[in-house]
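Visitor: next one to model:
(one chain, ligands or ions: 2)
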Amino acid sequence: MEALAMEHKAEQNRLLKERLLELKKERNAIILAHYYQRDEIQEVADFRGDSFLLAQKAAETDADVIVFCGVHFMGESAKILAPDKTVLIPDERAGCPMADMVNVDGLRELKKRHPNAKVVTYINSSAEIKAETDICCTSSNAIKVIQSLDTDEIIWVPDKNLGQYVQKFTDKKMIIWEGYCNTHDMLTVKDIEEMRSQHPNAEVVVHPECRPEVVAMADFVGSTTAIIDYCKKSDSKEFIVGTEDGTGYQLELDSPDKKFYFASKYLVCPNMKVNNLKKLVRALETMQPQIYVPPHIADKARASLLRMLEVK
Ligand code: 13P
Ligand code: SF4
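Guide: Ligands and ions are numbered 1, 2, ... in the order given. Okay, the predicted model is just below:
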């Protein structure tokens, strides 16, 4: 019975992939997928990547349509960077709770209290927040972005864990917002200790969205791309991974001879998993849901994203 269901699912996926290829051609579309997407989406993407790489791809593409398989703020960033393109997302309910933890009024209030501070905003934020920002960053360039600024004071939104990690690399005063990622923040010291006792030869690699005490236990800390690259180059054969479990797709593709143990069964972002292959095909079929960002917001937000892309 189970075998029959699997066969049916495989046949459905084959047909969906066929239709996707036709639609991509018809619409002159490109598919961008974050590493936290389901395998069935990563498999058909033109580019898989972390937030930074995908923002770069969106800014550079000459396709007419971008289908952004990730969460809403990623689609929004793509639309801001490529305003003339149609940007689709497979399911508009794919939000990011961390991005929703900061609001414009609160940020304006903080700016009033610290008039000399520059606002650095993690890309995991809404277009409205980016419009109130001096420069954006992602987890892969946060340290470089902070070091590029000629100011002694920084307002950092919204991720407190990434903010505390970055603070270790700068003497600048950072006023850190209290946001966090529900998925990464759930990982505990106990989880790592337990995994280490089961896999004593494994290296621990974690995302800086994890709590500081978890980050302190890691052999390597970095964005999803940085983690994937590190594991590929490392001489170790086993890794305890402290980031979202979708990353396993690229880790195994790049390092098929190595073993990856996710540090907790809760390392799953439910928002990222809302998207699936069927919804991706339907988005291209119906050209919905489309991302719209009001031009007066987009123009200001674009400046903060472009400043980030210029940091070398
Ligand atoms: P990166 O893609 O920058 O590693 O960020 C992880 C994340 O949580 C995206 O939502
Ligand atoms: Fe947001 Fe965390 Fe999910 Fe990334 S993994 S989309 S930061 S909730």
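Visitor: the spatially most central residue of the chain and Ile123: what is the separation?
Guide: The chain has Ser51 as the residue nearest its centroid, 4.2 Å off, counting by CA atoms, centre = their mean. Separation of Ser51 from Ile123 (CB to CB, to the nearest Å) stands at 5 Å. C-beta here means a position set from N, CA and C on the backbone, and glycine is covered the same way.
Visitor: number of residues surrounding the residue lying closest to the residue nearest to the centre of the chain once chain neighbours are set aside?
Guide: Closest residue to Ser51 apart from its sequence neighbours, by CB to CB, 6 or more residues apart in numbering: Thr138 at 4.4 Å. Neighbour count of Thr138, defined by other CB atoms under 10 Å: 22.
Visitor: and the biggest helix by length in the chain, what other elements does it pack with?
Guide: Using DSSP state H to define each element, the chain has its longest helix at helix 2-27. Using 3 or more CB pairs under 8 Å, 6 or more residues apart in numbering; DSSP states H and E, the elements in contact with helix 2-27 are strand 29-34, helix 277-286.
Visitor: next to ligand 2 in this structure, residues from the stretch 151-300 of the chain, please.
Guide: Residues of the stretch 151-300 of the chain lying near ligand 2 by CB under 6 Å from any ligand atom: Cys181, Asn182, Thr183, His184, Glu244, Cys269, Asn271, Met272.
Visitor: ok, now which ones touch the third one?
Guide: With contact taken as CB atoms under 8 Å, 6 or more residues apart in numbering, Thr183 is in contact with Glu209, Glu244, Tyr266, Leu267, Val268, Cys269.
Visitor: the helices in this protein, which residues?
Guide: Under the criterion DSSP H, the chain carries helices at the ranges 2-27, 39-42, 51-60, 72-81, 104-113, 127-130, 142-147, 160-167, 189-198, 212-215, 224-233, 248-254, 277-286, 295-310.
Visitor: minimum distance to Arg93: which of those helices has it?
Guide: Evaluated with CB to CB, these place helix 72-81 nearest to Arg93, the distance being 8.5 Å.
Visitor: quick one: that closest one near ligand 1?
Guide: No - shown here: helix 72-81 not in contact with ligand 1 (CB under 6 Å from any ligand atom), separated by at least 7.3 Å.
Visitor: same for that helix, what does it pack against?
Guide: helix 51-60, strand 65-69, strand 86-88, helix 127-130, helix 295-310.
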